[in-house]
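>>> A structural model of the following input is requested.
(one chain, ligands or ions: 1)
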Amino acid sequence: MAKKDLNIGIVGYGFMGRTHSNAFLQAPRFFDLPYRPVLKAVCARNTERAKGFAENWGYQSIESDWRTLIERKDIDLIDVASPNDTHAEIAIAAAKAGKMLLCEKPLGRNAAEAKAMLDAVEAAKVPNMVWYNYRRVPALALLKNLLDEGRFGRIFHYRSQFLQDWTISQDLPQGGEGLWRLDSSVSGSGVTGDLLAHNIDMALWLNGPIAEVSAMIETFIKERKHSLTGKMEPVTIDDASSFIGHFRNGSTALFEATRYARGHKALFTLEINGEYASARWDLHDLHRLEFFDHRDEGRLRGWKSIHITDSDHPYMKQWWVPGLQIGYEHTFIHQVADFLTALGKGEEAAPTFRDGLAVDYVTDAVLDSAKNRQWEDVRA
Ligand code: SOE
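Next up is the predicted model:
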């Protein structure tokens, strides 16, 4: 089948600009897709750096103002890979200009922003997706299939953590390039929107909606020098965030995210316990799914560690040979492949902006609950 070109304009060239650009380039090399992403333009304020980025990744042109980028007739899709405070303005304007949208997570700095973004893409009827990339880890896609097949029976517990340790030093400044995640006016929140949002998106996908939460947040370092002003300023992000809650299916939730767990760099873990089966997974060993099935013969019952590298595992047929694993960057490649496949069929690819808003409703409830020191219902 002839491939159609899909012209991409990306805003932002940081960590996520790199993961997305790599995915646009690699997806059509490994998957048979109806569209071929064409890297038309990268947009960033620093034109020297944008030029270097364009040369490295093969973007055909650069722009320094996202407004000019979205006006361009030769761009079909805008990829928002810039800091969180830019997501809503760019996405809403791009949707109005009729562009398809991919947006880095979290969708908005809060649910109000995310709702305005959802309204814009739905009014414009443009395809849209949020980069909650971990849904495309093959082991987790397999877990989703096992859950959908009903192998776990009734679900009792879902627990999930995201542990990092990179902000422990008092000397780390807040704000500016690379450190905007520590400035809540840019990021919206601390670990709640940055890390816990991943745990929540995964949980909503695997185990359905969360009904209510009771949360606690903590800011361990109260003042940091701001990179932009050079002055010591109060820290207004949450350094740690945890909650208990109830899913609508009756199971209980136990979640924690922190950047103060010394020794842990990106330890995203989850465990689900059902009537018949349990499963657990962690990002440091992302190609393994631990699975326990109580219906196995009693003498042989036990935890299995399944190495997710066989061709009958999700996505793996497209990669190497059984036994050879893939990694973090592949989750983004899979996401592009799924988006383009769905686009070819005129279907949506999840997580859409609607799914992104659902996450923001939970993170808003977490922050409200911690502030008000009470249980909060999550908006449906
Ligand atoms: C923060 O350190 C971060 O880079 C997040 O922003 C990403 O979403 C997460 O996948 C890894 O950690």
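>>> how near is whatever residue of the stretch 201-350 of the chain ends up closest to the ligand to Ile326?
Taking Cβ to the nearest ligand atom, the ligand has its nearest neighbour within the stretch 201-350 of the chain at Ala266, 5.3 Å off. For every residue, glycine as well, the C-beta is placed using N, CA and C. Ala266 sits at a distance of 17 Å from Ile326 (criterion: Cβ to Cβ, to the nearest Å).
>>> now do Ala337
13 Å.
>>> So what pairs up with Leu270 in the strands?
Assessed by DSSP bridges, Leu270 has beta-bridge partners Ser160, Trp281.
>>> isn't it right next to Arg280, touching?
Yes. Counting by Cβ atoms under 8 Å, Arg280 is a contact partner of Leu270 at 6.8 Å.
>>> neighbour count winner among these two?
Neighbours of Leu270 and Arg280, each counted by other Cβ atoms under 10 Å, are more numerous for Leu270; the result is 24 against 18.
>>> how about the residues of the stretch 1-150 of the chain near the ligand?
Counting by Cβ under 6 Å from any ligand atom, no residue of the stretch 1-150 of the chain lies close to the ligand.
>>> low pLDDT regions in this protein?
1-2 (pLDDT under 70).
>>> all helices for it, in order.
15-30, 47-57, 66-71, 84-96, 111-124, 138-148, 184-187, 191, 197-207, 328-345, 353-372 (DSSP state H).
>>> Could you dump those into a markdown table and include distance to Arg224 and mean neighbour count?
Shown next, in a markdown table, are the helices of the chain (distance: least, Cβ to Cβ, whole Å; neighbours: other Cβ atoms under 10 Å):
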| stretch | distance to Arg224 | mean neighbour count |
| --- | --- | --- |
| helix 15-30 | 21 | 19 |
| helix 47-57 | 25 | 15 |
| helix 66-71 | 29 | 18 |
| helix 84-96 | 18 | 22 |
| helix 111-124 | 25 | 20 |
| helix 138-148 | 35 | 19 |
| helix 184-187 | 12 | 19 |
| helix 191 | 15 | 27 |
| helix 197-207 | 22 | 24 |
| helix 328-345 | 28 | 21 |
| helix 353-372 | 20 | 23 |
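>>> I'd like those laid out as CSV, including distance to Ser160.
Below are these laid out as CSV (distance: least, Cβ to Cβ, whole Å):
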stretch, distance to Ser160
helix 15-30, 22
helix 47-57, 33
helix 66-71, 34
helix 84-96, 22
helix 111-124, 20
helix 138-148, 11
helix 184-187, 21
helix 191, 13
helix 197-207, 4
helix 328-345, 17
helix 353-372, 12
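>>> Of the ones you listed, which is nearest Asn249?
Among these, helix 197-207 comes nearest to Asn249, with 6.6 Å by Cβ to Cβ.
>>> Mind giving me the packing neighbours of that closest one?
Counting contacts by 3 or more Cβ pairs under 8 Å, 6 or more residues apart in numbering; DSSP states H and E, helix 197-207 packs against helix 138-148, strand 155-163, strand 210-218, strand 252-258, strand 267-274, helix 353-372.
>>> Please name the nearest non-neighbouring residue to Trp57.
Ser21 (4.3 Å; Cβ to Cβ, 6 or more residues apart in numbering).
>>> my bad, Ala141
Counting by Cβ to Cβ, 6+ apart, Pro314 is the residue found nearest to Ala141 once chain neighbours are left out, at 3.6 Å.
>>> contacting residues for the one you found?
Neighbouring residues of Pro314 by Cβ atoms under 8 Å, 6 or more residues apart in numbering: 138, 141-142, 145.
>>> What count of nearby residues applies to the closest residue to the ligand within the stretch 151-300 of the chain?
Residue of the stretch 151-300 of the chain nearest the ligand, by Cβ to the nearest ligand atom: Asp194 (4.8 Å). The local packing of Asp194 (other Cβ under 10 Å) involves 24 other residues.
>>> coming back round to it: contacting residues for the residue of the stretch 201-350 of the chain closest to the ligand?
162-164, 283-284.
>>> Reformat those as TSV; add neighbour count.
What follows is the contacts of Ala266, written out as TSV (neighbours: other Cβ atoms under 10 Å):
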residue	neighbour count
Phe162	27
Leu163	23
Gln164	20
Leu283	19
His284	11
